[in-house]
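> sequence and computational prediction follow.
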Amino acid sequence: MSSILAIETSCDDTCAAVLDGPRVLSSVISSQAAAHAQFGGVVPEVASRHHLELVAPVVEAALAEAGCSLDRIEGVAVTAGPGLIGALLVGVSAAKAIAAPRRLPLIPVDHLQGHVAANFLEPEPLQPPFLCLVASGGHTLLAGVRDHSGYELLGQTLDDAAGEAFDKVARLLGLGYPGGPALQKLAEEGDPEAFEMPVAMSRDPGLDFSFSGLKTALVYLCRDLGPDEVGRRRADLAASFQAAAVSQLTAKLERALKRGEWSAVALGGGVAANGPLRAAVTALCEHRGLPLKLVPIELCTDNAAMIGSAARFAESIPYPGYLAYDAFARPKRAAA
Ligand code: KG4
Ligand code: ZN
């Protein structure tokens, strides 16, 4: 199967893409960020309703941009989970509705496998084995990638995701949603050593992450400083938080590199857009003599091209076996 239509609606972006093998012919992303900004975070019901309105035009736009009609599509890939269940159901139902009348196979894709599979896309597909750090608003994990169809879960967050922590701290500092990019910008004017932050999981020998302690430390610090001082030192607070978050992510990545034989490193998820994180991981890889794959930002954040990429190596369900197929909200795999 070489022509795939892929749909991704697991959170707050409505996405569709058309792939010809590893080549992305189109990738359309309709962000709902503005609709959620007034609430300071993603409201699941609002997301589902927006997906419902947007999924058909976004699919049409992806087909038009690819110069491809549905007759040429050989399979329909869709994010089946994990994510917001109502949002996922919209994508899965849309994919079934496109696939079933044409007797096309459906390829359900795990969203996290999608983030990993973004690295398999052209122009420079990365060959396993590699270590992939995925840090987004919903997930933070270290994946040991030895083949194209799966990964070993080496570590994951025990509480908040990295992006979620950026968003919550940004909100605390009066920045808009999503807060990651705004926090990074504010941090550029601050001193990363201005405030001492807790080093999370430093005594834990494993590869799991934790961000809620760091976020709570910020909450208490702001309370102790008081509103005037917080107002004056927002940039220092942002820079100190960012440095601590980046240092935890890179420390775990370094530990995982020391423990296994990996021939490359990849970064994925929305937080991979973070400049200081990119710089720290670049320095780490240079130090260890390992190539680092940084996929373009639009393939790091949620998109359907990565779902189509994962679908190339996933099991497809022939018609009509998928008519009762259900989305799943929680990750399907257990920690390794
Ligand atoms: O992968 P993504 O688009 O969606 C999820 O799967 O969650 O990631 C979005 C997350 C948000 O939490 C956002 O604040 C964060 O990525 N993010 C950043 C930056 N750009 C986006 N975090 C830190 N620095 C950035 N420059
Ligand atoms: Zn994601």
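Received, thanks. Ligands and ions are numbered 1, 2, ... in the order given.

> tell me which element residue 144 falls in.
Per DSSP states H and E: residue 144 is located in strand 140-145.

> that strand pairs with which strands, parallel or anti?
strand 130-135 (antiparallel), strand 152-156 (antiparallel) (DSSP bridges).

> from the chain's centroid, how far away is that strand?
Centroid separation between strand 140-145 and its chain, computed with Cα atoms, centre = their mean, to the nearest Å, is 12 Å.

> only alpha carbons, please: show it as CSV.
What follows is strand 140-145, C-alpha atoms only, in CSV (Å, rounded to 0.1, in the frame of the first residue of the first chain):
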residue,chain,number,x,y,z
THR,A,140,6.9,12.5,27.9
LEU,A,141,8.8,9.2,27.1
LEU,A,142,12.0,7.7,26.1
ALA,A,143,11.6,5.2,23.3
GLY,A,144,14.2,2.6,22.3
VAL,A,145,13.5,2.2,18.6
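
> what is the rounded mean pLDDT of it?
Here strand 140-145 scores 97 as its mean pLDDT.

> check stretch 298-311 too.
The pLDDT scores in stretch 298-311 average 96.

> so it, near ligand 1 or not?
Yes. Stretch 298-311 reaches ligand 1 (Cβ under 6 Å from any ligand atom) through 301-302. For the C-beta atoms, the positions are set from N, CA and C on the backbone; glycine is no exception.

> which positions within that stretch qualify as buried?
Neighbour counts over stretch 298-311 (16 or more other Cβ atoms under 10 Å) mark 299-311 as buried.

> now the terminal residues of that stretch, how far apart.
End-to-end distance for stretch 298-311, by Cα to Cα, to the nearest Å: 19 Å.

> how far does that stretch sit from the chain's center?
9 Å.

> what about that stretch and ligand 2, touching?
Yes. For a cut-off given as Cβ under 5 Å from the ion, stretch 298-311 has contacts with ligand 2, namely residue 302.

> same check, this time on stretch 5-15
No. Contact of stretch 5-15 with ligand 2 is not found when judged by Cβ under 5 Å from the ion; the minimum separation is 6.6 Å.

> checking residue 6 next. Helix, strand or coil?
For residue 6, the assignment made with DSSP: H, G, I helix; E, B strand; the rest coil gives strand.
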